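Novice: below is the sequence, then the predicted model.
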Amino acid sequence: MQNQALTLSTLDDLLVQLRRIMEEPDYHPPEKIDFSGDLSRIRLYFKGENYKNSLPSSCIKGLWEYQQSLYRGAASLLYGSDRITRLTKDDLKNLELVFKVSEGSIDLTALITGFVGSIAEGFKTMDSKDKSRTIILVVALMATGWAAVNIHETYQKTQQANIEAHVKAVDQQERSRQFEVMAGLVKQNEQLQSFSHHLAEGGRAIIKGAGDAEQVKIGYAQFEKDEIQEINQRSSRSQANAQVYNEKVKIIRIEPKGSLTRVTFSRNDGEELTALIEDEQVDNQDLEVIWEAARSRTHVRLQFSVTRAGDSVRGTQFIGLGIDDVPPESVVARNKMD
């Protein structure tokens, strides 16, 4: 059995395997675990007047932020740091999700098998039980939308019930017990806890981008219009401050994305930030200055704003090339946390 691959395709399969790993001392899971069916993908669904045949730009931005959160979570699992720059080019390629739109609806699906495979590859030296347990929990957090339970504490029980409803083999009391065990396992593992946090932040970005939707589904988690509005209002109230910076930075990575350019740069204090530049809104010469700084590995002065809530960076916005005769930093907004 050890040399055979095991395929899990339902939440019931996943829970049974996790229970065996936890409760059977003599059980050794196979080296390779494959995932199919609902466990092989993440599904996002949007319902609303503006979501019949296309996605609003705000929603596309939310998807981009969701991918960034996945990168941070993956970096935490693989390297113990949530800095995206810890990921290699191969990591970025293998961890990128490609969403496909179902014809006639805004129903997005993306296979996560490549993502999970890359994570598993990084756990080669782990004990087989530890590795299997970690991979199973990663899939549970992603495919089922379980991490979305933590987007807003008011709706935790509702979202957990939505997910638990997809477990068929046991009664409600046993389902709740098994999910409590899973939650405890995540809390015991610092890297998994960080991964779950970043997934929840990514889910929050999706809901923020779909603020006018009537319904949003992330995996099995389902948010109705009033919940979407409350989550976005709460996020707005909790926005701690926004600062505009004018300082020299080092370009770590630059990548064209259609009509956008994604730039990751490092500040003098070591903080790493990622911003999207809309090519049409930037002078070509200015954009070339940034590309040249990346190629030559030299510093370049930029103006950018950073929105923070507590210790978390909620977003970075590129403003333009820096100006030499203004202060390096200026506070443009500051709101108290709730």
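Specialist: Noted; the coordinates are in hand.
Novice: tell me the pLDDT of the closest residue to D34 other than its chain neighbours.
Specialist: In this structure, D34 finds its nearest non-sequential neighbour in T7, 4.5 Å apart by Cβ to Cβ, 6 or more residues apart in numbering. For the C-beta atoms, the positions are set from N, CA and C on the backbone; glycine is no exception. Listed pLDDT for T7 reads 92.
Novice: next up, the contacts around T7.
Specialist: Neighbouring residues of T7 by Cβ atoms under 8 Å, 6 or more residues apart in numbering: I33, D34, F35, S36.
Novice: looking at this, it is in a strand?
Specialist: Yes. Counting by DSSP: H, G, I helix; E, B strand; the rest coil, T7 is located in a strand.
Novice: from F179, how far out is it?
Specialist: 22 Å (Cβ to Cβ, to the nearest Å).
Novice: ditto for E278
Specialist: According to Cβ to Cβ, E278 and F179 sit 42 Å apart.
Novice: try T307
Specialist: 33 Å.
Novice: tell me the domain boundaries of the protein?
Specialist: Domains of the chain are assigned by automatic domain parsing as 6-237, 241-334.
Novice: now for E224: which residues touch it?
Specialist: E214, Q215.
Novice: same check on A205?
Specialist: A205 touches G62, E65, Y66, S69, counting by Cβ under 8 Å, 6+ apart.
Novice: are we agreed that the third one is in a helix?
Specialist: Think Y66. Yes. Looking at Y66 with three-state DSSP, it is inside a helix.
Novice: please name the nearest non-neighbouring residue to it.
Specialist: In space, Y66 is closest to G202, 3.8 Å off (Cβ to Cβ, 6+ apart).
Novice: cool, and K250?
Specialist: S266 (4.8 Å).
Novice: re the thing from before, who has more neighbours, E278 and F179?
Specialist: In terms of neighbours (other Cβ atoms under 10 Å), F179 is the more surrounded of E278 and F179; the figures are 19 against 10.
Novice: could you tell me how far that one is located from F223?
Specialist: 19 Å.
Novice: gap between stretch 262-270 and the chain center?
Specialist: 20 Å (Cα atoms, centre = their mean, to the nearest Å).
Novice: next one: the helix or strand where L18 lies to chain centre, how far?
Specialist: L18 is part of helix 11-23, with elements assigned from DSSP states H and E. Chain-centre distance of helix 11-23: 25 Å, with Cα atoms, centre = their mean.
Novice: what's next to the following helix or strand past that helix, contact-wise?
Specialist: Sequence order places strand 33-35 as the next helix or strand after helix 11-23, per DSSP H and E. Contact with strand 33-35 is made by 5-9, 17, 112-113, 116, 120, 132, 135-136, 139, 143, as judged by Cβ under 8 Å, 6+ apart.
Novice: let's go with 6 Å and repeat that
Specialist: For strand 33-35, contacts defined as Cβ atoms under 6 Å, 6 or more residues apart in numbering pick out A5, L6, T7, L8, V139.
Novice: of those, select the buried ones using a ChimeraX command.
Specialist: Listed next is the ChimeraX selection for buried residues among these, using 16 or more other Cβ atoms under 10 Å:
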select :8,139
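Novice: next, format the contacts of strand 33-35 as a markdown table and append distance to E272.
Specialist: As requested, these are exported to a markdown table (distance: Cβ to Cβ, whole Å):
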| residue | distance to E272 |
| --- | --- |
| A5 | 38 |
| L6 | 38 |
| T7 | 38 |
| L8 | 35 |
| V139 | 28 |
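Novice: what are the ranges of the strands in the chain?
Specialist: Taking DSSP state E, the strands of the chain run over residues 6-8, 33-35, 41-47, 100-101, 107-111, 215-218, 221-224, 241-257, 260-266, 272-278, 299-309, 312-321, 329-334.
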